[in-house]
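J.: Below: sequence and its predicted model.
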Amino acid sequence: MTNELNRRKFLTYVGTGVTALTVASTGLGALAPKAEAKGSEAANHLFGFNKKVSGLKFTPIQPSTKDDLVLPKGYEYDVVAAFGDVINQKGDTFGYNNDFTMYFPINGSSRGLLWVNHEYVSDLWVTGKPDQNGKYSKPQIEKMLYNQGGSIIEVYRDSKGVWKLDPTSKYARRITGLTPFELTGAARGSKAVGNVNVVQGTFANCSGGKTLWNTVLSAEENYEDTAGPAGLNENHYGWIVEVDPFDANYAPRKHTALGRFHHENSAMGLSNDNRLVVYMGDDKRDACVYKFISKDKYVKSLGRQNSKLLEEGTLYAANLSKGTWVALTIDAVKEAAKDDKELLEKFQTQADLLVYASEAAILLGATPTDRPEDVEISPFDKTVFIAHTNNSNHGNIHGHITRFIEDGDDLGSLTFDFEIFACGGRQSGFSAPDNLTFDSEGNLWTVTDISSSSVNKGVFKTFQNNGVFVIPTIGKNAGEAFQFASAPVEAEITGPSFTEDETTLFLAVQHPGEETKDINKPTSMWPHRKGDTQPRPSVVAVRGFKY
């Protein structure tokens with residue numbers, strides 16, 4: 001087998017109704033010279049200045065089954081916040097199953113606010129089990145709602161370089177399933193959401209993104225698991241929410257113009273004519289990839305007022321067979337459903353379309369794919385990377401990472417091409433790619449999401465515990481995965497986020513010991529803190545990156 005046809009470049013894409021065998025370079029291909037030439041500019045865009053600290057300056061680790069966060073030689077981690085820790089003087093506590101993290105500097109890379117998502121809770125460790133009728137008590141529901149949503153914590157590096165939480169912070173607070181949220185966009189006040197403008201809370205918060213005006217976007221994913229038991233209207237959940245971590249008086253909001261589905265994340269950029277573009281994945285088998293393009297243009301000097309741009313625009317879904325972005329409009333849906341009375345009854349207004357966006361996308365010909373989770377825009381060439389975690393319905397057991405190339409290098413384009421950048425499996429060393437982020441050397445960092453019930457079993461045994469992998473997008477190692485970290489037992493590592501100078505990488509370690517059946521016999525006790533009687537999902541700061 002030649003170098004052009006080696007095991008890392010023999011890629012198989014298996015999607016719903018589509019099987020394509022690609023024999024090609026997994027890197028940026030013909031675009032690589034342009035990407036390399038723009039590297040310095042991209043680093044400035046990403047981090048504010050050109051600091052190249054992270055990169056591939058480590059000796060990759062081997063897969064591990066150890067009940068710890070295993071890192072390469074020369075790196076160490078600080079547990080910054082764990083489930084139940086007090087985060088402010090009010091007495092608020094850090095939520096459960098931390099996911100997405102985003103660092104907002106206060107004093108560069110030594111002190112800042114860290115936004116952390118909290119995705120779901122555990123009956124065993126948080127709420128207690130429901131009664132014989134499957135019902136939770138009111139106190140149990142309150143615990144369920146309080147321990148999801150998000151935490152805003154202030155973190156800092158002490159004189160020894162160790163990262164710590166500041167419980168005296170004036171900014172630290174919780175955003176929970178009990179917090180009031182304003183609705184924006186066409187679904188606000190509509191019949192589809194019960195004619196309300198304000199809804200209760202956010203939960204099932206998976207990944208997210210940062211806006212160009214320094215607020216956080218958090219994604220509501222598997223909302224049914226909480227809305228149902230809590231007796232809440234499901235149509236109030238499954239949105240992209242916006243929170244300003246620095247301003248408690250800025251009302252948290254849900255942007256309905258971005259559509260309702262099982263949101264994994266959001267990635268914001270600008271079209272060539274300066275309109276906002278937001279890419280999103282729907283984390284479900286046979287679900288679609290979306291983007292929203294604002295009606296009006298972004299004006300940097302307006303700061304947070306640009307949030308209004310997320311209230312009016314066009315939502316699109318990707319048709320991979322044609323390489324086109326399909327506009328999701330009520331007129332198009334009515335035309336497609338003209339012979340179906342039930343659908344015509346369901347889709348009467350644009351608000352209806354937004355509330356049932358995933359159904360509208362399939363109806364209009366968008367391509368169902370393999371659990372599109374995190375979506376990130378490369379700051380080097382504006383190509384769009386999508387983690388398709390897996391799809392057992394169609395034999396794509398280990399998932400893959402797709403790369404969209406928008407025509408004209410314009411995020412506002414309505415046509416695109418795509419390739420399979422990297423595939424999970426034994427040949428690559430990783431399975432089930434999930435969250436993504438870039439460093440200033442053009443490397444794509446990805447974490448993996450093998451379910452806790454499958455990890456270290458069957459076809460997943462070779463990968464051992466979940467991990468963090470670094471995949472160069474340019475250069476001779478483009479498309480090859482190098483393992484940087486291994487998770488504790490039954491845990492998933494999520495939410496990679498760098499400080500400005502890339503000397504620290506924040507990671508969220510989610511659901512260690514998730515398969516525990518007996519609280520007296522936990523399968524993990526990570527993070528192994530003195531006095532702990534249970535495993536605790538925690539956010540860590542990884543140190544050791546050097547200039």
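T.: Alright, I've got the coordinates.
J.: separation between the residue of the chain most remote from its centre and V447?
T.: The C-alpha centroid of the chain is most remote from D339, which lies 37.9 Å away (CA atoms, centre = their mean). Between D339 and V447 the computed distance is 45 Å (CB to CB, to the nearest Å). Using the backbone N, CA and C atoms, a C-beta is placed for each residue, glycine as well.
J.: Do me a favour and get the end-to-end distance for stretch 174-194?
T.: Across stretch 174-194, the terminal residues are separated by 26 Å (CA to CA, to the nearest Å).
J.: what does stretch 517-528 give?
T.: 19 Å.
J.: Also stretch 535-547?
T.: 35 Å.
J.: Mind listing what's buried along it?
T.: Applying a neighbour-count criterion of 16 or more other CB atoms under 10 Å, one finds P535, R536, P537, S538, V539, V540, A541, V542, R543, G544, F545 buried in stretch 535-547.
J.: Assign a three-state SS to the second one, would you?
T.: To tie it back to what came earlier, the one meant is R536. Judged by DSSP: H, G, I helix; E, B strand; the rest coil, the three-state class of R536 is coil.
J.: mind listing what it touches?
T.: A82, F83, G84, P512, W526, P527, R529 (CB atoms under 8 Å, 6 or more residues apart in numbering).
J.: Find me the pLDDT at the last one, would you?
T.: With respect to pLDDT, R529 scores 96.
J.: same check, this time on the second one
T.: On pLDDT, F83 comes in at 98.
J.: what's the answer for the fifth one, then?
T.: Per-residue confidence for W526 comes out at a pLDDT of 98.
J.: how much space between the closest residue to it other than its chain neighbours and V80?
T.: Excluding the flanking residues, the one nearest W526 by CB to CB, 6 or more residues apart in numbering is P488, at 3.7 Å. Distance, P488 to V80, using CB to CB: 16 Å.
J.: Those two: which is more packed in?
T.: Neighbour tally, P488 and V80, criterion other CB atoms under 10 Å: the higher count belongs to P488, 28 against 24.
J.: doesn't Q510 make contact with that one?
T.: No. Between P488 and Q510 there is no contact under CB atoms under 8 Å: 10.1 Å.
J.: looking at it, T184 is touching R253, isn't it?
T.: Yes. With contacts counted by CB under 8 Å, T184 reaches R253, the gap being 5.3 Å.
J.: secondary structure element for P379?
T.: For P379, there is no helix or strand it lies in under DSSP states H and E.
J.: State the number of residues packed around it.
T.: With other CB under 10 Å as criterion, P379 counts 19.
J.: Check it and give its pLDDT.
T.: On the pLDDT scale, P379 is placed at 91.
J.: pretty sure it is touching F438, no?
T.: Yes. Assessed by CB under 8 Å, P379 is found in contact with F438 at 6.2 Å.
J.: List the beta-bridge partners for Q200.
T.: Per DSSP bridges, the residues bridged to Q200 are P180.
J.: That one reaches G177, doesn't it?
T.: Yes. Using CB under 8 Å, Q200 is in contact with G177, at 7.3 Å.
J.: neighbour count winner among these two?
T.: G177 (27 against 18).
J.: Pull the contacting residues for the nearest residue in space to that one that is not next to it in sequence.
T.: In this structure, G177 finds its nearest non-sequential neighbour in L145, 2.9 Å apart by CB to CB, 6+ apart. Under the criterion of CB under 8 Å, 6+ apart, the neighbours of L145 are T176, G177, L178, G201, F203, T226, A230.
J.: 6 Å - rerun?
T.: The neighbours of L145, taking CB atoms under 6 Å, 6 or more residues apart in numbering as the test, are T176, G177, L178, G201.
J.: what number of residues lie near the first one?
T.: As a burial measure, T176 scores 22 neighbours (other CB under 10 Å).
J.: give me the beta-bridge partners of A485?
T.: V468.
J.: do M280 as well
T.: Y290.
J.: what separates it from V333, distance-wise?
T.: Distance from M280 to V333, by CB to CB: 19 Å.
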